[in-house]
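**Student:** 3D, please:
(chains A, B and C)
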Amino acid sequence: MKLSPEYYLNDDVVSLAKDLLGKVLYTNINGQISAGIIVETEAYFGIKDKASHAYGGRRTNRTETMYAPGGVAYVYLCYGMHNLFNVVSSVIDDPHAVLIRAIEPLVGKDIMEERRNMPSTKGAITSGPGSAAKALGIDRSFNSKNLNGNEIWIEDHQISYPEEAIAASPRVGIAYAQEHALLPCRFFVKGNKYVSKPNKV
DNA sequence: GTGACGATTATCT
DNA sequence: GATAATCGTCACC
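**Tutor:** Okay, here's the model as predicted:
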């Protein structure tokens, strides 16, 4: 079953990032359905987050999507070649988002293999935000799409990981964010081979 | 109008 | 481990 629209209105984006682990992200592109279990996320907490595009309340054409009410996709092109997919959360004008960093292939593995040109048994097929998005066929045309539509959505398959199977760690590469750099805003499933970085805490 | 750069990844040594 | 690939955004001329 799909997550309800209210699910995304939670303004505790860190808890939301953790809760999204085990949820299943679907895409339907021209009838080609693929899906993966979310196994790694990262929280970006709005205007107070120095690592966020919306830090300090910055508002541009690109970041406008994050100011929308929760429940839409924020997709943006990084390094000119990678589409990064985020789940926008909280209410309107509160630009929280959760970056989906890795998924575990579940449905349409053959489709993902074709998109990524590698076997789904290889962990790298969906490890890392750029790879996961590409495997699901997500590109910038998905930006600001509603997550309750028929092209992209998230389902709850009642998958839950025990507390000890979930690791929280500081996000990668944001040492400049000072006090925020130490906050455990990155969550992943320990030992899952599709997680992008080494399974260390 | 123009230039510098990024929430990264594949590939090469 | 190092580095190239590659383009939309944003800040400033």
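**Student:** grab the nearest non-local neighbour of the spatially most central residue of chain A.
**Tutor:** Closest residue to the average C-alpha location of chain A: A:I100 at 1.7 Å, with Cα atoms, centre = their mean. If the residues on either side of it in the chain are set aside, A:I100 comes closest to A:F85, at 5.1 Å by Cβ to Cβ, 6 or more residues apart in numbering. In this view, the C-beta of every residue, glycine as well, is placed from N, C-alpha and C.
**Student:** report pLDDT for that neighbour.
**Tutor:** What the model reports for A:F85 is a pLDDT of 98.
**Student:** distance between the ends of stretch A:53-71?
**Tutor:** Distance across stretch A:53-71, first residue to last, is 18 Å (Cα to Cα, to the nearest Å).
**Student:** does it reach DNA strand C?
**Tutor:** Yes. Interface with DNA strand C: stretch A:53-71 contributes A:53, A:58, A:60-63 (Cβ under 7 Å from any atom of the strand).
**Student:** which single one of these is nearest to DNA strand B?
**Tutor:** A:H53 (4.7 Å; Cβ to the nearest atom of the strand).
**Student:** okay, now that closest one: neighbour count?
**Tutor:** 18 (other Cβ atoms under 10 Å).
**Student:** as a markdown table, the residues of stretch A:53-71 next to DNA strand C with distance to A:R115, pLDDT and secondary structure would be great.
**Tutor:** Formatted as a markdown table, those follow (distance: Cβ to Cβ, whole Å; pLDDT from 0 to 100; DSSP: H, G, I helix; E, B strand; the rest coil):
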| residue | distance to A:R115 | pLDDT | secondary structure |
| --- | --- | --- | --- |
| A:H53 | 26 | 96 | coil |
| A:R58 | 33 | 96 | coil |
| A:T60 | 30 | 96 | coil |
| A:N61 | 28 | 96 | coil |
| A:R62 | 25 | 97 | coil |
| A:T63 | 28 | 97 | helix |
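**Student:** any of these buried? List them.
**Tutor:** A:53, A:63 (16 or more other Cβ atoms under 10 Å).
**Student:** now the residues of stretch A:53-71 next to DNA strand C as JSON lines including distance to A:Q158?
**Tutor:** Below are these laid out as JSON lines (distance: Cβ to Cβ, whole Å):
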{"residue": "A:H53", "distance to A:Q158": "33"}
{"residue": "A:R58", "distance to A:Q158": "39"}
{"residue": "A:T60", "distance to A:Q158": "39"}
{"residue": "A:N61", "distance to A:Q158": "39"}
{"residue": "A:R62", "distance to A:Q158": "36"}
{"residue": "A:T63", "distance to A:Q158": "34"}
